[in-house]
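Novice: let me see the structure of the following:
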Amino acid sequence: LVDKIGMFDEIFGKGYGEENDWCQRAIENGYKNIHVTNLFVYHKHGGSFPSEEKQRLISQNLFTLNKKHPTYDEQIQKLISENKLEILREYLQIKIKNQQLNTTLIIDHGLGGGANHYIDESIEKRVKNGEMLILLRYDFNVLKVYTIHFLALDLDYKFSVSNSVEIFEMLSNLKINEIFINSLVSYPNVHEMISEIIYLQEKINSKLVLPIHDFFPVCPSYTLLNQDMKYCEVPNDKNVCKNCLINNRNEFKIFEKEINIDEWRNSWNKINNLSDKIICFSNSSKDIYLKAYPKC
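Specialist: Below you'll find the model as predicted:
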C-alpha cells in the first residue's frame, strides 16, 4: 500500500490529520479500513504536543483534511451513527465486570408465572448484594429466540441470539460460579439444552442448582396430568407413561413432543447427578420427585 499511495502527506506538518488522510487515500485506491478488535494500542494523551499547540494543529489540519477529502466528515458521522462496535464494547464491559464479581447463570423460561417471579425477585436481591447475574430465557411466544440478560450494579445489557450453541460458546469464556436451572419448559430441544449445560458445567467447574417449581424433570407433562386430565401419581410402570405421552393432548404438547419417558429421565438424571443442590419447596414435591428418582 505504501508503494502504491506513498507515506504521510507532509502538508500536515508536525502532526494531526496525516493518518486520516492516508486512510482516505487508501479508500480512494480501492482498499478498506477495518476494525482490528483483538488489538490494543496504548495512547498516551498529550504526550506529543502542549495543549495550545495541539488545538492549533487540530484546527488547521482538519481544514486541510476536509479540503482534500470533501466527504470525510460525512463518512465519520455515518460510522458513528452505525455504531457497529457497540455490542463488542458492551461485551468487554461484561467481561471486566465478570472478573470482579461472583456470577450466577440463571436458565429460565419466558412464559411468566410463579417461576419467573421467583427469579426476578432473586435477581434484584443478588444485584443489590453486589453479584452479577446472567439470565438466559427462551422467547417461545414472540420471536423464538434466546435472550441473554447481563445484570449487575451499573451494568444492564440484553442480547438476542437464535442459536443456543453460540450462547454456550460465549458463556464458556466467562467466570460462572453457579448455574441455576430454574426451568426449561418451552425450550425447543430439552435434551440438547441439557447436554449444553453439562458441557458448560464441566468446562468451567461451577456449582449446579436445580429447583423443582414444577415437575418438568419428572415428565414432559410438567403438571403430572395424564391423558384423562387426572394426577398420574408417577406410576412405576413405564408403559403407562409411554401410553400417556402418546395420547396426551394437554397444554405441554405445545412445547414438548417427547414420548419416551426413559430417554427423558435419563437426560434429567444427568443433571441430578451433577447438581450440588436440588431444591424442593414442599415435602410433597420432594416425595413426588423421589418416586421418579429414588437415588437422588
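Novice: low pLDDT regions in the stretch 151-296 of the chain?
Specialist: Nowhere does the stretch 151-296 of the chain drop to pLDDT under 70.
Novice: which parts of it are strands?
Specialist: Here the stretch 151-296 of the chain has its strands, by DSSP state E, counting those that start in this stretch, at 155-161, 178-181, 207-212, 277-280.
Novice: adjacent strands (with direction) for the last one?
Specialist: Spelled out, that is strand 277-280. According to DSSP bridges, strand 277-280 forms sheet pairs with strand 207-212 (parallel).
Novice: separation between the closest residue to K270 other than its chain neighbours and D276?
Specialist: Nearest non-adjacent residue to K270, counting by CB to CB, 6 or more residues apart in numbering: I198, 5.9 Å away. Every C-beta, even on glycine, is put in place using the N, C-alpha and C of the backbone. Per CB to CB, to the nearest Å, I198 is found 14 Å from D276.
Novice: more neighbours: the two, which one.
Specialist: Using other CB atoms under 10 Å, the more surrounded residue of I198 and D276 is I198, with 17 against 11.
Novice: which residues touch the more buried one?
Specialist: K270, I271, L274 (CB atoms under 8 Å, 6 or more residues apart in numbering).
Novice: how near is the last one to L133?
Specialist: Shown here: L274 relative to L133, a distance of 21 Å by CB to CB.
Novice: comparing the two, which residue is more hemmed in?
Specialist: Shown here are L274 and L133; by other CB under 10 Å, L133 has more neighbours (22 against 15).
Novice: mind checking what secondary structure that one has?
Specialist: Here L133 is recorded as strand under DSSP: H, G, I helix; E, B strand; the rest coil.
Novice: rewinding a little: just say which of the strands of the stretch 151-296 of the chain is most tucked in.
Specialist: Highest mean neighbour count of the strands of the stretch 151-296 of the chain: strand 178-181, a mean of 22 (counted as mean count of other CB atoms under 10 Å).
Novice: contacts for that strand, please.
Specialist: By CB under 8 Å, 6+ apart, strand 178-181 touches 103-107, 197, 200-201, 206-211, 271.
Novice: again, only using 10 Å
Specialist: 102-108, 119, 122, 131, 133-136, 171, 193-194, 197-198, 200-201, 204, 206-211, 216-217, 268, 271, 274-277, 279 (CB atoms under 10 Å, 6 or more residues apart in numbering).
Novice: direction included, what does it pair up with?
Specialist: For strand 178-181, pairing defined by DSSP bridges yields strand 103-109 (parallel), strand 207-212 (parallel).
Novice: buried sites along stretch 232-250?
Specialist: C232, V234, C241, C244, L245, N248, N250 (16 or more other CB atoms under 10 Å).
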